[in-house]
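>>> Got a predicted structure here, sequence first:
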Amino acid sequence: MFNRLYRNHDAMTTFVTTESNVNHIEADQYVPGNILFSDGHALKTTDGTTTWLIAGSPSSSGYSTSSGSSARFYYLSGFHQVSATRVFLVDRNNHCMRMLDRTSNASYVSYAGYCRSSGYADGTSRARFYYPQSAIADKKATGRLLVTDQSNHAIRHVYTNYHGYQYVTTFYRSTSSLRNPTGITQEHTSGDLFITLLTHYVYKLAYSLKALTLLSGTGSRGFQDGFSCQTRFSSPYELLLLRPHKLLIADSHNHRLRVLDLNSLMTSSLSSGTSGTVDGNLTACTLQYPFSSAVVNGSLFIGQNGAIREIKGLIHQLFLNCGNVFTFKYAGKW
C-alpha cells in the first residue's frame, strides 16, 4: 500500500501558523520563493518566517472594494494567479469572483458574477454563482478558469480576457450526480477533470465527452480505506494529481490525507486521522481539518485550520503536474 511504502520516510513540520482555515496555496508569482495563501477572509504571502497581509482580514468578513487591510471578503475559498500581478479570487459567500492587482493591492468590485447576489445564470453582467468554491486554469482552453460552483452543482468557465467582458459559461452541470462540487484538478494531456464533492465522493469528468464517472466513495460520511465502492470520506476538499496515476485528497473532517490510485481505484491514508498539529513522521503526525495542498520548491505543503504544514522527503518525488498549484519549475530531480 502507498502509505506503507512512503510515510515512514517523510516528516511533517509546521511551516507557519495562520489565523483561520487555509483553503488554497500557490507558489507566489509576484514574490518568488514565497507562498501565497488564503487565510479565512484574507489573502497573505509568507516566506515561512514572516507573513504579510495582502488584502482583507482573516477574522472580519463582509464586502468592500477598498485595498489592503480595508478590503473585505466573505470567505476566500480559492484563488488563481493568471500572471504575477493578477489574482482571481473566489469570494465564496459573496457569490462572486473578484480580481486583485498585486501592484496596488486593489480588489475590483466583481469580476464575474454579481457580489452578494446568488443564483444561476451565464453571460456577462447577468452571470450568477451560488457558493463558488475553487478555481484552476483550464489547460485545454487558454484564457479560461474552471470554477466549481457548489450549490449550482456545476463546473463553470470564467473567461479571464474576453475583450474586456467578464464572461461566464457552464462547462458541466448535473443537479443529480454532481452534488456540491468542491475541489478540482486537471490532467494535462486529456484535460480530464477530477472533482471532489461535499457529498463524500470523488468523480472523474471526461473533458471532451463530458462524461461523469464515479471513482470513489459511498456517499456516506465516515472513514474507510479500500476499493472504490467501499471507501468513505468526510467532506473532501482540494486534490492534486500525483505520479503515477494517483490523487492526493485533503479529507478535511477525517483529518487525513488520502491517496486514490486511479488504476486500481484503491484508497489509502497518509496520516493518522487524529485531529491536531503534532509534527513528526507520517505515522505519528496529526492534521486539523486539512483543506488544501501544493508542491512548492520540491516540498509538499498542506493548508489546514490554523497552519500550513510542510512534508519533506521522498514523497515529493511522486508529484507530476500537480494540477492548479505548481506554478514554476522545480530545479531538482523528479
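That came in fine, so what should we check first? Residues are numbered from 1 along each chain as shown.

>>> you'd agree S151 is in a strand?
No: per DSSP: H, G, I helix; E, B strand; the rest coil, S151 lies outside any strand segment and is helix.

>>> check which helix or strand covers the nearest residue to it once chain neighbours are set aside.
Spatial nearest neighbour of S151, chain neighbours left out: Y130 (3.9 Å); criterion: C-beta to C-beta, 6 or more residues apart in numbering. Placement of C-beta: from N, CA and C, glycine included. Here Y130 sits in a region with no helix or strand, counting by DSSP states H and E.

>>> who touches Y130 in this structure?
Contacts for Y130 (C-beta atoms under 8 Å, 6 or more residues apart in numbering) come out as H95, S118, G119, Y120, D149, Q150, S151, N152.

>>> Output those residues as JSON lines; include the columns distance to A250.
Below are these laid out as JSON lines (distance: C-beta to C-beta, whole Å):
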{"residue": "H95", "distance to A250": "23"}
{"residue": "S118", "distance to A250": "25"}
{"residue": "G119", "distance to A250": "29"}
{"residue": "Y120", "distance to A250": "27"}
{"residue": "D149", "distance to A250": "20"}
{"residue": "Q150", "distance to A250": "16"}
{"residue": "S151", "distance to A250": "20"}
{"residue": "N152", "distance to A250": "22"}
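
>>> Buried only: go through the residues you listed for me.
Among the contacts of Y130, the ones that count as buried by 16 or more other C-beta atoms under 10 Å are H95, S118, Y120, D149, Q150, S151, N152.

>>> got a list of what the second one touches?
I take that to be S118. So S118 contacts H95, R128, F129, Y130, Y131, S151 (C-beta under 8 Å, 6+ apart).

>>> Now the two most distant members of the contacts of Y130.
G119 and Q150 (13.3 Å; C-beta to C-beta).

>>> biggest strand in this structure, by residue count?
As assigned by DSSP state E, the longest strand anywhere in the chain is strand 299-312.

>>> what's in contact with that one?
Contacting residues not belonging to strand 299-312 are listed as 10-25, 35, 37, 46, 250, 257, 277, 279, 282, 285, 287-295, 315-316, 319 [C-beta under 8 Å, 6+ apart].

>>> so how far is it off the chain centroid?
How far strand 299-312 lies from its chain's middle: 13 Å, per C-alpha atoms, centre = their mean, to the nearest Å.

>>> buried ones in that strand?
Neighbour counts using 16+ other C-beta under 10 Å place S299, L300, F301, I302, G303, Q304, N305, A307, I308, R309, E310, I311 of strand 299-312 among the buried residues.

>>> For L239, give the beta-bridge partners.
Assessed by DSSP bridges, L239 has beta-bridge partners I249.

>>> In terms of helix, strand or coil, where does S66 fall?
State at S66, reduced to three classes by three-state DSSP: coil.

>>> number of nearby residues for it?
Here the count is done by other C-beta atoms under 10 Å, and S66 has 13 residues near it.

>>> Can you give me the distance of it to M97?
18 Å (C-beta to C-beta, to the nearest Å).

>>> Show me where the stretch 51-200 of the chain dips below the pLDDT cut-off.
107, 109, 162-165 (pLDDT under 70).

>>> Nothing else from me, thank you.
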